[in-house]
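Undergrad: Build me a structure from this.
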Amino acid sequence: MTHKKTSSNPIKWLMGLVLALVCVQGAVAHDFEADGICYNINSDGNTVTVTYYGSSFIESMFYYSGNVNIPSIVQHGGKWYNVTAIGNDAFQICNMVTGISLPSSIITIGNNAFKGCGITSFNLPASVTSLGNDILNGCKSLESITVDNQNTVFDSRFNCNAIVETSINKLIAGCRNSTIPDNVTEIGRYAFIGQNVEYIEIPNSVLIIGESAFSGCQMLDSICIPDATTFIGTSAFYYCKAMKKLTIGKSVNHIGDGAFSYCSGLQTVYARMPNPNQVDCASNCFAYSSISNVTLYAPYGSRHLYKAIDPWRNFSPILQYADVPGDVNNDGHTTASDVTEIYDFLIIGGNFIHYYRMDVDGDEHITGADITAIYDILLGNN
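TA: The predicted model follows:
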(Lines give C-alpha, C1' and ligand atoms only; values in the text may rest on other atoms or scores of the structure.)
Protein backbone atom coordinates (compact mmCIF):
# COMPACT_ATOMS: atom_id res chain seq x y z
CA MET A 1 0.00 0.00 0.00
CA THR A 2 1.33 3.39 -0.91
CA HIS A 3 0.80 6.54 1.13
CA LYS A 4 0.33 9.96 -0.36
CA LYS A 5 2.86 12.46 0.93
CA THR A 6 1.35 15.52 2.63
CA SER A 7 2.33 18.79 0.97
CA SER A 8 5.01 20.74 2.84
CA ASN A 9 3.77 24.01 1.34
CA PRO A 10 1.43 25.59 3.93
CA ILE A 11 -0.20 27.88 1.35
CA LYS A 12 -1.11 24.96 -0.89
CA TRP A 13 -2.33 23.06 2.15
CA LEU A 14 -4.52 25.96 3.24
CA MET A 15 -5.90 26.43 -0.27
CA GLY A 16 -6.72 22.76 -0.36
CA LEU A 17 -8.51 23.00 2.97
CA VAL A 18 -10.55 25.98 1.77
CA LEU A 19 -11.52 24.17 -1.43
CA ALA A 20 -12.48 21.14 0.59
CA LEU A 21 -14.69 23.26 2.80
CA VAL A 22 -16.35 24.75 -0.26
CA CYS A 23 -17.06 21.32 -1.70
CA VAL A 24 -18.40 19.97 1.58
CA GLN A 25 -20.55 22.97 2.49
CA GLY A 26 -21.67 23.86 -1.00
CA ALA A 27 -23.92 26.72 0.10
CA VAL A 28 -23.06 30.36 -0.52
CA ALA A 29 -23.96 33.40 1.55
CA HIS A 30 -24.25 35.93 -1.27
CA ASP A 31 -27.32 36.47 -3.42
CA PHE A 32 -25.44 37.24 -6.61
CA GLU A 33 -22.06 38.14 -8.09
CA ALA A 34 -21.29 40.88 -10.59
CA ASP A 35 -17.89 41.79 -12.04
CA GLY A 36 -16.08 39.76 -9.41
CA ILE A 37 -17.87 41.25 -6.38
CA CYS A 38 -20.44 39.42 -4.24
CA TYR A 39 -23.65 41.08 -3.01
CA ASN A 40 -26.61 40.46 -0.76
CA ILE A 41 -29.93 42.14 -1.52
CA ASN A 42 -31.13 44.19 1.44
CA SER A 43 -34.62 43.92 2.93
CA ASP A 44 -35.79 47.08 1.13
CA GLY A 45 -35.37 45.26 -2.17
CA ASN A 46 -33.63 48.24 -3.77
CA THR A 47 -30.16 48.29 -2.20
CA VAL A 48 -27.36 45.77 -1.76
CA THR A 49 -24.50 45.04 0.61
CA VAL A 50 -21.06 43.90 -0.53
CA THR A 51 -20.25 40.60 1.13
CA TYR A 52 -17.71 37.78 1.14
CA TYR A 53 -17.64 34.91 -1.30
CA GLY A 54 -19.06 31.51 -0.36
CA SER A 55 -20.37 30.29 2.96
CA SER A 56 -17.59 31.84 5.08
CA PHE A 57 -15.31 34.86 4.82
CA ILE A 58 -12.39 32.41 4.87
CA GLU A 59 -13.31 31.38 1.33
CA SER A 60 -12.80 34.97 0.15
CA MET A 61 -9.11 34.82 0.99
CA PHE A 62 -8.33 33.66 -2.53
CA TYR A 63 -11.39 35.12 -4.23
CA TYR A 64 -10.68 38.83 -3.86
CA SER A 65 -7.31 40.23 -4.94
CA GLY A 66 -5.61 43.30 -6.43
CA ASN A 67 -7.44 46.62 -6.59
CA VAL A 68 -11.13 46.23 -5.82
CA ASN A 69 -13.32 49.00 -7.25
CA ILE A 70 -16.80 48.89 -5.78
CA PRO A 71 -19.48 50.55 -7.94
CA SER A 72 -22.28 52.79 -6.66
CA ILE A 73 -24.92 50.84 -8.60
CA VAL A 74 -25.03 47.27 -9.85
CA GLN A 75 -27.38 45.35 -12.13
CA HIS A 76 -28.82 41.89 -11.47
CA GLY A 77 -31.73 40.12 -13.08
CA GLY A 78 -32.63 43.15 -15.13
CA LYS A 79 -32.84 45.42 -12.06
CA TRP A 80 -30.45 48.10 -10.82
CA TYR A 81 -29.49 48.28 -7.14
CA ASN A 82 -27.76 51.00 -5.14
CA VAL A 83 -24.67 49.74 -3.30
CA THR A 84 -25.06 51.17 0.23
CA ALA A 85 -23.02 48.95 2.58
CA ILE A 86 -19.91 46.85 3.06
CA GLY A 87 -20.96 43.86 5.16
CA ASN A 88 -19.36 42.26 8.19
CA ASP A 89 -16.14 40.39 7.28
CA ALA A 90 -16.57 41.24 3.59
CA PHE A 91 -12.83 41.41 2.84
CA GLN A 92 -11.44 40.02 6.08
CA ILE A 93 -8.00 38.34 5.71
CA CYS A 94 -7.97 39.12 1.98
CA ASN A 95 -4.26 39.92 2.12
CA MET A 96 -4.00 39.80 -1.66
CA VAL A 97 -6.31 42.82 -1.89
CA THR A 98 -3.94 45.77 -2.36
CA GLY A 99 -6.47 48.54 -2.92
CA ILE A 100 -10.10 49.39 -2.11
CA SER A 101 -12.12 52.11 -3.83
CA LEU A 102 -15.43 52.95 -2.14
CA PRO A 103 -18.22 54.83 -3.94
CA SER A 104 -20.07 57.84 -2.52
CA SER A 105 -23.17 55.66 -2.09
CA ILE A 106 -21.74 53.68 0.84
CA ILE A 107 -23.43 54.50 4.17
CA THR A 108 -22.40 51.61 6.42
CA ILE A 109 -19.21 49.57 6.86
CA GLY A 110 -19.54 46.46 9.01
CA ASN A 111 -17.34 44.76 11.59
CA ASN A 112 -13.94 43.49 10.37
CA ALA A 113 -14.77 44.65 6.85
CA PHE A 114 -11.15 45.08 5.69
CA LYS A 115 -9.35 43.37 8.56
CA GLY A 116 -6.04 41.87 7.46
CA CYS A 117 -6.15 43.26 3.93
CA GLY A 118 -2.96 44.19 2.07
CA ILE A 119 -4.11 47.73 1.27
CA THR A 120 -1.64 50.63 1.48
CA SER A 121 -4.18 53.46 1.60
CA PHE A 122 -7.79 53.92 2.65
CA ASN A 123 -10.23 56.74 1.93
CA LEU A 124 -13.52 57.04 3.79
CA PRO A 125 -16.23 58.72 1.67
CA ALA A 126 -18.39 61.59 2.96
CA SER A 127 -21.47 59.35 2.78
CA VAL A 128 -20.33 56.88 5.48
CA THR A 129 -22.10 57.50 8.79
CA SER A 130 -21.68 54.12 10.48
CA LEU A 131 -18.51 52.12 11.08
CA GLY A 132 -18.30 48.69 12.66
CA ASN A 133 -15.58 47.48 14.99
CA ASP A 134 -12.05 46.75 13.84
CA ILE A 135 -12.52 47.61 10.17
CA LEU A 136 -8.79 48.08 9.45
CA ASN A 137 -7.20 45.80 12.05
CA GLY A 138 -4.00 44.09 11.03
CA CYS A 139 -3.58 45.97 7.73
CA LYS A 140 0.19 46.04 8.18
CA SER A 141 0.92 47.67 4.84
CA LEU A 142 -1.46 50.56 5.51
CA GLU A 143 0.36 53.90 5.29
CA SER A 144 -2.34 56.46 4.54
CA ILE A 145 -5.86 57.07 5.90
CA THR A 146 -8.04 59.96 4.78
CA VAL A 147 -11.61 60.96 5.50
CA ASP A 148 -13.54 63.10 3.03
CA ASN A 149 -13.80 66.66 4.33
CA GLN A 150 -17.57 66.60 3.83
CA ASN A 151 -18.10 63.68 6.21
CA THR A 152 -20.13 64.91 9.21
CA VAL A 153 -19.55 61.91 11.50
CA PHE A 154 -15.86 61.07 11.05
CA ASP A 155 -12.76 63.09 10.27
CA SER A 156 -9.04 62.88 9.69
CA ARG A 157 -8.23 66.21 11.32
CA PHE A 158 -4.86 67.88 10.78
CA ASN A 159 -3.97 65.20 8.19
CA CYS A 160 -3.46 62.76 11.05
CA ASN A 161 -3.66 59.60 8.89
CA ALA A 162 -6.35 58.20 11.15
CA ILE A 163 -10.13 58.05 11.53
CA VAL A 164 -11.55 60.10 14.40
CA GLU A 165 -15.17 59.96 15.54
CA THR A 166 -15.83 63.67 15.47
CA SER A 167 -18.46 64.17 18.18
CA ILE A 168 -16.53 62.34 20.92
CA ASN A 169 -12.94 62.95 19.75
CA LYS A 170 -12.20 59.23 19.69
CA LEU A 171 -9.51 57.86 17.39
CA ILE A 172 -10.90 54.57 16.10
CA ALA A 173 -8.44 53.50 13.39
CA GLY A 174 -4.81 54.36 12.73
CA CYS A 175 -1.85 53.21 10.69
CA ARG A 176 1.96 53.24 10.74
CA ASN A 177 2.13 56.95 9.78
CA SER A 178 -0.60 58.23 12.09
CA THR A 179 -0.25 61.13 14.48
CA ILE A 180 -2.68 61.52 17.36
CA PRO A 181 -4.22 65.01 17.31
CA ASP A 182 -3.98 67.12 20.47
CA ASN A 183 -7.75 67.17 20.98
CA VAL A 184 -8.32 63.41 20.86
CA THR A 185 -9.54 62.16 24.25
CA GLU A 186 -9.70 58.41 23.62
CA ILE A 187 -7.73 55.87 21.61
CA GLY A 188 -10.28 53.25 20.73
CA ARG A 189 -10.32 49.47 20.93
CA TYR A 190 -7.85 47.87 18.48
CA ALA A 191 -7.08 51.28 16.94
CA PHE A 192 -3.48 50.41 16.04
CA ILE A 193 -3.42 46.66 16.56
CA GLY A 194 -0.77 44.91 14.48
CA GLN A 195 0.42 48.09 12.77
CA ASN A 196 4.11 48.68 12.04
CA VAL A 197 4.26 51.75 14.28
CA GLU A 198 7.82 52.59 15.37
CA TYR A 199 7.09 55.73 17.38
CA ILE A 200 3.96 57.63 18.30
CA GLU A 201 3.33 60.50 20.69
CA ILE A 202 0.23 60.32 22.85
CA PRO A 203 -0.93 63.87 23.64
CA ASN A 204 -1.97 64.96 27.12
CA SER A 205 -5.58 65.23 25.96
CA VAL A 206 -5.91 61.42 25.86
CA LEU A 207 -7.79 60.14 28.91
CA ILE A 208 -8.47 56.56 27.80
CA ILE A 209 -6.38 53.98 25.95
CA GLY A 210 -8.73 51.19 24.90
CA GLU A 211 -8.45 47.42 24.82
CA SER A 212 -5.64 46.13 22.59
CA ALA A 213 -5.17 49.65 21.19
CA PHE A 214 -1.48 49.03 20.38
CA SER A 215 -1.41 45.26 20.76
CA GLY A 216 1.08 43.57 18.45
CA CYS A 217 2.88 46.77 17.45
CA GLN A 218 6.13 44.86 17.35
CA MET A 219 8.27 47.77 16.14
CA LEU A 220 7.19 50.28 18.79
CA ASP A 221 10.40 51.45 20.47
CA SER A 222 9.05 53.40 23.46
CA ILE A 223 5.84 54.88 24.77
CA CYS A 224 5.03 57.73 27.13
CA ILE A 225 1.55 57.61 28.60
CA PRO A 226 0.75 61.20 29.59
CA ASP A 227 -0.21 62.47 33.02
CA ALA A 228 -3.83 63.13 32.00
CA THR A 229 -4.49 59.50 31.05
CA THR A 230 -6.52 57.58 33.64
CA PHE A 231 -7.38 54.26 31.96
CA ILE A 232 -5.20 51.68 30.18
CA GLY A 233 -7.31 48.83 28.78
CA THR A 234 -6.80 45.09 28.65
CA SER A 235 -3.87 44.06 26.42
CA ALA A 236 -3.38 47.69 25.39
CA PHE A 237 0.35 47.16 24.62
CA TYR A 238 0.40 43.36 24.50
CA TYR A 239 3.37 41.90 22.58
CA CYS A 240 5.09 45.21 21.89
CA LYS A 241 8.30 43.22 22.04
CA ALA A 242 10.66 45.99 20.85
CA MET A 243 9.54 48.51 23.48
CA LYS A 244 12.51 49.41 25.69
CA LYS A 245 11.23 52.36 27.69
CA LEU A 246 7.78 52.87 29.18
CA THR A 247 6.50 55.88 31.12
CA ILE A 248 3.14 55.64 32.90
CA GLY A 249 1.54 58.98 33.77
CA LYS A 250 0.71 60.07 37.30
CA SER A 251 -3.10 60.03 36.88
CA VAL A 252 -3.43 56.42 35.69
CA ASN A 253 -5.85 54.60 38.00
CA HIS A 254 -6.57 51.46 35.96
CA ILE A 255 -4.23 49.08 34.16
CA GLY A 256 -6.01 46.10 32.61
CA ASP A 257 -5.13 42.43 32.25
CA GLY A 258 -2.06 41.82 30.13
CA ALA A 259 -1.71 45.52 29.32
CA PHE A 260 2.09 45.18 28.96
CA SER A 261 2.41 41.40 28.66
CA TYR A 262 5.09 39.90 26.42
CA CYS A 263 6.96 43.22 26.18
CA SER A 264 10.21 41.25 26.26
CA GLY A 265 12.42 44.20 25.26
CA LEU A 266 11.56 46.32 28.29
CA GLN A 267 14.56 47.84 30.06
CA THR A 268 13.15 50.79 32.00
CA VAL A 269 9.74 51.69 33.40
CA TYR A 270 8.95 55.09 34.91
CA ALA A 271 5.83 54.80 37.07
CA ARG A 272 4.74 58.33 37.92
CA MET A 273 1.70 57.38 40.05
CA PRO A 274 2.34 58.66 43.62
CA ASN A 275 0.61 55.72 45.31
CA PRO A 276 0.35 52.35 43.53
CA ASN A 277 -2.22 51.23 46.11
CA GLN A 278 -4.68 53.63 44.50
CA VAL A 279 -4.20 52.08 41.06
CA ASP A 280 -6.48 49.23 39.99
CA CYS A 281 -3.68 47.23 38.43
CA ALA A 282 -4.00 43.64 37.22
CA SER A 283 -1.30 41.44 38.73
CA ASN A 284 -0.60 39.96 35.27
CA CYS A 285 -0.29 43.28 33.44
CA PHE A 286 3.48 42.69 32.95
CA ALA A 287 3.26 38.92 32.48
CA TYR A 288 6.13 37.39 30.45
CA SER A 289 7.97 40.72 30.26
CA SER A 290 10.94 39.58 32.41
CA ILE A 291 10.44 42.46 34.84
CA SER A 292 12.83 40.89 37.35
CA ASN A 293 15.51 42.33 35.07
CA VAL A 294 13.76 45.66 34.38
CA THR A 295 14.55 48.87 36.28
CA LEU A 296 11.53 50.54 37.83
CA TYR A 297 11.71 54.22 38.76
CA ALA A 298 9.11 55.28 41.32
CA PRO A 299 8.47 58.84 42.53
CA TYR A 300 10.50 60.00 45.50
CA GLY A 301 8.71 59.03 48.67
CA SER A 302 6.85 56.07 47.18
CA ARG A 303 9.48 53.41 46.60
CA HIS A 304 8.46 51.54 49.76
CA LEU A 305 4.87 51.42 48.47
CA TYR A 306 5.94 49.95 45.12
CA LYS A 307 8.11 47.37 46.90
CA ALA A 308 5.11 46.12 48.85
CA ILE A 309 2.60 45.39 46.10
CA ASP A 310 2.25 43.31 42.94
CA PRO A 311 3.21 43.59 40.18
CA TRP A 312 5.60 46.42 41.04
CA ARG A 313 7.51 44.53 43.74
CA ASN A 314 8.73 42.09 41.07
CA PHE A 315 10.82 44.72 39.27
CA SER A 316 14.54 44.82 40.00
CA PRO A 317 16.04 47.16 40.81
CA ILE A 318 13.44 49.61 42.11
CA LEU A 319 14.85 53.11 42.24
CA GLN A 320 13.25 56.48 42.74
CA TYR A 321 13.24 59.78 40.93
CA ALA A 322 11.90 63.27 41.44
CA ASP A 323 10.49 65.70 38.94
CA VAL A 324 12.80 68.22 40.66
CA PRO A 325 15.92 66.34 41.90
CA GLY A 326 16.71 67.14 45.51
CA ASP A 327 13.25 68.58 46.22
CA VAL A 328 12.92 66.92 49.63
CA ASN A 329 10.10 69.06 51.00
CA ASN A 330 8.08 68.73 47.80
CA ASP A 331 7.64 72.44 47.18
CA GLY A 332 8.73 72.21 43.55
CA HIS A 333 12.20 73.71 44.12
CA THR A 334 15.60 72.56 45.32
CA THR A 335 16.88 75.03 47.91
CA ALA A 336 18.74 75.22 51.23
CA SER A 337 15.44 74.37 52.95
CA ASP A 338 15.74 70.85 51.54
CA VAL A 339 19.14 70.54 53.23
CA THR A 340 17.56 71.74 56.48
CA GLU A 341 14.85 69.09 56.18
CA ILE A 342 17.45 66.31 56.09
CA TYR A 343 19.66 67.94 58.71
CA ASP A 344 16.75 68.23 61.16
CA PHE A 345 15.88 64.60 60.61
CA LEU A 346 19.44 63.45 61.26
CA ILE A 347 19.73 65.58 64.40
CA ILE A 348 16.22 65.32 65.83
CA GLY A 349 15.12 62.01 64.33
CA GLY A 350 11.51 60.96 63.95
CA ASN A 351 9.28 60.00 61.06
CA PHE A 352 9.12 63.22 59.06
CA ILE A 353 6.38 63.50 56.46
CA HIS A 354 8.95 63.74 53.64
CA TYR A 355 11.10 60.90 54.97
CA TYR A 356 11.12 58.92 51.75
CA ARG A 357 12.11 61.94 49.65
CA MET A 358 15.24 62.42 51.74
CA ASP A 359 17.10 59.57 50.07
CA VAL A 360 18.42 61.91 47.39
CA ASP A 361 21.34 59.75 46.31
CA GLY A 362 19.12 56.64 46.02
CA ASP A 363 21.13 54.31 48.24
CA GLU A 364 18.11 53.52 50.46
CA HIS A 365 19.68 55.23 53.47
CA ILE A 366 19.38 58.78 54.82
CA THR A 367 22.81 60.12 55.68
CA GLY A 368 25.02 63.13 55.24
CA ALA A 369 25.62 61.89 51.69
CA ASP A 370 22.11 63.02 50.82
CA ILE A 371 22.95 66.54 51.99
CA THR A 372 26.04 66.43 49.81
CA ALA A 373 23.90 65.26 46.90
CA ILE A 374 21.67 68.31 47.27
CA TYR A 375 24.68 70.64 47.41
CA ASP A 376 25.94 68.99 44.21
CA ILE A 377 22.59 69.70 42.56
CA LEU A 378 22.63 73.33 43.74
CA LEU A 379 26.20 73.77 42.52
CA GLY A 380 25.47 72.13 39.20
CA ASN A 381 27.78 69.19 39.80
CA ASN A 382 25.11 66.64 38.83
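Undergrad: Could you report the distance from the closest residue to residue 218 other than its chain neighbours to residue 212?
TA: Excluding the flanking residues, the one nearest residue 218 by CB to CB, 6 or more residues apart in numbering is residue 241, at 5.5 Å. Every C-beta, even on glycine, is put in place using the N, C-alpha and C of the backbone. Noted for residue 241: a distance of 15 Å to residue 212, by CB to CB, to the nearest Å.
Undergrad: ok, now which ones touch the residue nearest to residue 153 when sequence neighbours are not counted?
TA: Distances taken as CB to CB, 6+ apart place residue 129 nearest to residue 153, at 4.8 Å, with adjacent residues excluded. Residue 129 makes contacts with 107, 108, 152, 153, as judged by CB atoms under 8 Å, 6 or more residues apart in numbering.
Undergrad: ok, 10 Å please
TA: 106, 107, 108, 109, 151, 152, 153, 154 (CB atoms under 10 Å, 6 or more residues apart in numbering).
Undergrad: Would you mind measuring the gap between the ends of stretch 362-371?
TA: 12 Å (CA to CA, to the nearest Å).
Undergrad: repeat for stretch 109-119
TA: 16 Å.
Undergrad: Stretch 183-196 now?
TA: Termini of stretch 183-196 sit 24 Å apart (CA to CA).
Undergrad: Surely residue 289 is in contact with residue 269?
TA: Yes. Residue 289 is in contact with residue 269 according to CB atoms under 10 Å; the separation is 9.3 Å.
Undergrad: how about the residue nearest to residue 218, secondary structure?
TA: With DSSP: H, G, I helix; E, B strand; the rest coil as the basis, residue 241 sits in coil.
Undergrad: Report how many residues lie close to it.
TA: Neighbour count for residue 241, taken as other CB atoms under 10 Å: 16.
Undergrad: Kindly report the same for residue 50.
TA: The number of residues near residue 50, taken as other CB under 10 Å, comes to 25.
Undergrad: Can you tell me the element it falls in?
TA: Here residue 50 sits within strand 47-51, counting by DSSP states H and E.
Undergrad: Identify the neighbouring strands of that strand in the sheet and state each direction.
TA: Note on strand 47-51: by DSSP bridges, its sheet partners are strand 37-41 (antiparallel), strand 79-86 (parallel).
Undergrad: if we can go back for a sec, of the contacts of residue 129, select the buried ones using a ChimeraX command.
TA: Buried members of the contacts of residue 129 can be picked out in ChimeraX with the line below, counting by 16 or more other CB atoms under 10 Å:
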select :106,108,109,151,154
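Undergrad: can you give me the offset of the strand holding residue 50 from its chain's centre?
TA: Here strand 47-51 shows a centroid-to-chain-centroid distance of 31 Å under the convention CA atoms, centre = their mean, to the nearest Å.
Undergrad: I'd assumed residue 342 was in a helix, is it?
TA: Yes. With three-state DSSP as the criterion, residue 342 is located in a helix.
Undergrad: Tell me which residues touch it, please.
TA: Residues 326, 328-329, 352, 354-355, 357-360, 366-371, 373-374 are the ones in contact with residue 342 under the rule CB under 10 Å, 6+ apart.
Undergrad: and what of residue 46?
TA: Residue 46 touches 79, 80, 81, 82, 84, counting by CB under 10 Å, 6+ apart.
Undergrad: Identify the bridge partners of the residue nearest to the third one when sequence neighbours are not counted.
TA: Right, the one you point to is residue 81. In space, and not counting its chain neighbours, residue 81 is closest to residue 48: 4.5 Å by CB to CB, 6+ apart. Counting by DSSP bridges, residue 48 is bridged to residue 41, residue 83.
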